[in-house]
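*Asks:* heads up, no residue letters with this:
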């Protein structure tokens, strides 16, 4: 019992020690350890956001579009970017080799079935679609670009007008199936249906022989005069296909044979921006006529091999005059001034460095991951940002880094993602910014010895 006061006293001392430690830990993080550094070695944290940035929009030559996960099809007229039309070329495979259509087969119909994935723009606008048989081979291992074309036969297999319904299920023989577009390729002519139905035995025995016999289809959209939409259709999961419906003497009616597109079918998308002749005057002056000063007011970005932003930091090396500094943070931020509900901004931008030979290079900050590097759209304040901390530090350390220009893309040219999108962004000194912080800027935090 005599030891109780000693235990109580020890508890009091321990409690006081814990309180002292907790209070001591509430210092500003920048002041931690400051008393341990000799006065001559004190570090100071500085922030500024007045870095000179030269930014303006330029055209992309094209983008690689072969073997993408989906097709873009349709036409739009955008009030800023003007008219864009998208179509595609694709092979079709045999769902089973050694196909046998039975005794005396008769064609019922040949249908092109394209499954929707999503749509962009005003899907209440009517679209006109035409289909032709290809006369030129597609090679799976070859590269194809958005401004290319391939040969076709002159016979029009289909010419339809339809309204995209990417979210409406389709009733097929009384059963509801996922939303898709059906184009009858035998309404105008039975030519292609009968060509497949009566193909020689060796043609239906192997897919390689079939692709020599029926090289594929070209599906094109006719330009609309106003509004319009660009719709994505599945191209890599076997859902989209050409289906031959027929009957014969030995098995009867309601027979069909599927020729899917699937992953190993050669295919590519085409995008036509019609020379941006219907774009806004401000767009034309900056992008077509190269008035780069206008980038101070507004910048333009468009996917599908459209428009990218060129970015320069001409005086960043002047930071060396501050002495030995460590870049703690460098964040490039920019704002979308529009609240348009039809022309949605890209959900994720991409940034690359490009050398004098036009070769893309990944920025060192990107290796830290998307959450660190940035590029995602913030819907709440309609903004984007990229973190360039390590890149800016390297620019200060190494002279060779200045040979690279930075480019911002509406979608990554390496990912070959066929996502229709565009956005107008504030420049470095926008004429009508809603607040002083809405301009394009690079905010740098650094520590100076």
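*Replies:* Structure received. Just so we're clear, the structure is a prediction, and the values are computed from it rather than from any experiment.

*Asks:* quick one: residue 93 and residue 185, what's the gap?
*Replies:* When distances are taken as CB to CB, to the nearest Å, residue 93 and residue 185 turn out to be 17 Å apart. Bear in mind the C-beta positions are built from the backbone N, C-alpha and C, glycine included.

*Asks:* looking at the two, which is more packed in?
*Replies:* Between residue 93 and residue 185, counted using other CB atoms under 10 Å, residue 185 has the larger neighbour count: 22 against 19.

*Asks:* pretty sure the more buried one is touching residue 157, no?
*Replies:* Yes - in this structure, residue 185 sits in contact with residue 157. The criterion is CB atoms under 8 Å, and the distance is 4.7 Å.

*Asks:* what do the two both touch?
*Replies:* Contact criterion CB atoms under 8 Å, 6 or more residues apart in numbering; residues bridging residue 185 and residue 157 by contacting each: 131, 192.

*Asks:* buried residues, stretch 243-250. List them.
*Replies:* Taking 16 or more other CB atoms under 10 Å as the basis for neighbour counts, the residues of stretch 243-250 that come out buried are 243, 244, 245, 246, 247, 248.

*Asks:* so how far is stretch 272-287 from its chain's centroid?
*Replies:* The chain centroid and the centroid of stretch 272-287 are separated by 21 Å, computed with CA atoms, centre = their mean, to the nearest Å.

*Asks:* for stretch 269-278, same thing?
*Replies:* For stretch 269-278, the distance between its averaged C-alpha position and the chain's averaged C-alpha position is 17 Å (CA atoms, centre = their mean).

*Asks:* with stretch 99-119 instead?
*Replies:* In this view, stretch 99-119 has its centroid 32 Å away from the chain centroid, taken as CA atoms, centre = their mean.

*Asks:* in the stretch 251-400 of the chain, which spans are helices?
*Replies:* When secondary structure is read from DSSP state H, counting those that start in this stretch, the stretch 251-400 of the chain shows helices at 281-283, 370-373, 389-397.

*Asks:* just say which of those is most tucked in.
*Replies:* Neighbour counts averaged per stretch over the helices of the stretch 251-400 of the chain are highest for helix 389-397, at a mean of 19; criterion: mean count of other CB atoms under 10 Å.

*Asks:* and that helix, what does it pack onto?
*Replies:* strand 325-335 (3 or more CB pairs under 8 Å, 6 or more residues apart in numbering; DSSP states H and E).

*Asks:* identify the residues contacting residue 420.
*Replies:* Here residue 420 is in contact with 72, 76, 84, 86, 120, 121, 230, 232, 303, 304 (CB under 8 Å, 6+ apart).

*Asks:* domain assignment for the protein?
*Replies:* By the assignment in automatic domain parsing, the chain contains the domains 47-53+280-448, 70-274.

*Asks:* mean pLDDT lowest for which of the ones you listed?
*Replies:* Ranked by mean pLDDT, these bottom out at domain 47-53+280-448, with a mean of 90.

*Asks:* endpoints of that one, how far apart?
*Replies:* Looking at domain 47-53+280-448, the gap from its leading to its trailing residue is 11 Å under the measure CA to CA, to the nearest Å.

*Asks:* repeat for stretch 217-227
*Replies:* The stretch stretch 217-227 measures 27 Å between its terminal residues, going by CA to CA.

*Asks:* so which residues make contact with it?
*Replies:* Contacts made with stretch 217-227 from outside it, assessed by CB under 8 Å, 6+ apart, are listed as 71, 73-77, 83, 85-90, 92, 112, 121-122, 124-134, 150, 152, 157, 183, 242, 270, 274, 342.

*Asks:* residue 87: what's it in contact with?
*Replies:* 73, 218, 219, 220, 221, 269, 270.

*Asks:* can you give me the neighbour number for the third one?
*Replies:* The one in question is residue 219. Neighbours around residue 219, by other CB under 10 Å: 23.
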